[in-house]
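Asker: I need the structure of the sequence given here:
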Amino acid sequence: MPAGRTRFVGRRPHPAHVNSLQSRHRGDHIDWSHGASDWGHPPPDCRPHFDNIVLVWNRAGIDAIRQASIEHPSEDPAYASRAMAMESLAVHDVLQAIHDKPGYLVDLDAPDGISTEAAISAAAHEILVKLYPGSERALDRLLHTSLRDVPDGQAEDEGVAFGRAVAEAVIANRANDGSAPLSMPGE
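Answerer: Numbering: from 1, shown residues only. Here you go, the predicted structure:
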């Protein structure tokens, strides 16, 4: 196991201790030590150590799930799995459309010349905000950061619009799939 990683054997730590354990590994996770549902204050460049936008948004999904499970330890693992599946489907179908291939769930035609990064970011953002509204501010910041390097203009605008359209189609398709919405204690 790499140095600096905590390995849990047997019982997992109490949720109150998870935040302090994770805040020691700031290079591995988004630092939550300054705010509960806001993921704390991101560093000036909140991109992880890789530049693959798909992996950036996968990490954001995992961080949203992790934060929800810390704030509400009763979070359902099936809900988290469904959330990651929906985010992955939206990103997959965006990429398929951009490459003129049929999607798995959504089969929309991508406009020519759209920004791949903008479309992926918008699709993943839309899904994750819908499923984890408590992480909206952090996800909004990541979307802003993801779009910062995309040149402003038609390619960005159409990419964002297309990504959102694919995400909305995935959300609509899964709306009546029999899964229960995320329920927080006291609701």
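Asker: can you count the residues close to A123?
Answerer: Other residues near A123 come to 32 when the count uses other CB atoms under 10 Å. C-beta here means a position set from N, CA and C on the backbone, and glycine is covered the same way.
Asker: can you report phi and psi for it?
Answerer: Dihedral angles phi and psi of A123 (degrees, to the nearest 10) take the values phi -60, psi -50.
Asker: contacts only, for it.
Answerer: With contacts taken as CB atoms under 8 Å, 6 or more residues apart in numbering, A123 has the following neighbours: E87, A90, V91, D93, V94, G163, R164, V166, A167, V170.
Asker: and of the residues you listed, the nearest to D140?
Answerer: Checking those against D140 with CB to CB, the nearest one is R164 at 13.6 Å.
Asker: can you list the residues that contact the host helix or strand of the closest one?
Answerer: Of the helices and strands defined by DSSP states H and E, R164 is found in helix 154-174. The contact list for helix 154-174, computed with CB under 8 Å, 6+ apart, reads 82, 86, 89-90, 93-94, 97, 103, 105-106, 108, 110-111, 113-127, 130, 147, 150.
Asker: buried sites along it?
Answerer: For helix 154-174, the neighbour count (16 or more other CB atoms under 10 Å) marks 155-156, 158-160, 162-170, 174 as buried.
Asker: mind checking which of the contacts of helix 154-174 are buried?
Answerer: The buried subset of those - by 16+ other CB under 10 Å - is 82, 86, 89-90, 93-94, 97, 103, 106, 110-111, 114-127, 130, 147, 150.
Asker: show me the shaky parts of this protein.
Answerer: Within the chain, the stretches with pLDDT under 70 are 1-51, 74-75, 180-187.
Asker: so which residues of it form helices?
Answerer: Per DSSP state H, the chain has helices spanning 15-23, 53-71, 77-98, 116-131, 136-148, 154-174. These are given in chain order.
Asker: any idea how far D100 is from the spatially closest residue to G61 that is not a sequence neighbour?
Answerer: Among residues not flanking G61 along the chain, E87 sits closest, at 5.0 Å (CB to CB, 6 or more residues apart in numbering). Using CB to CB, to the nearest Å, we find E87 at a distance of 23 Å from D100.
Asker: apart from its chain neighbours, what residue comes closest to S88?
Answerer: Of all residues apart from its sequence neighbours, N58 sits closest to S88 (CB to CB, 6+ apart), at 7.5 Å.
Asker: which ones are touching the one you found?
Answerer: Counting by CB under 8 Å, 6+ apart, N58 touches M84, E87, S88.
Asker: can I get those in TSV including neighbour count?
Answerer: Output for the contacts of N58, formatted as TSV (neighbours: other CB atoms under 10 Å):
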residue	neighbour count
M84	18
E87	27
S88	18
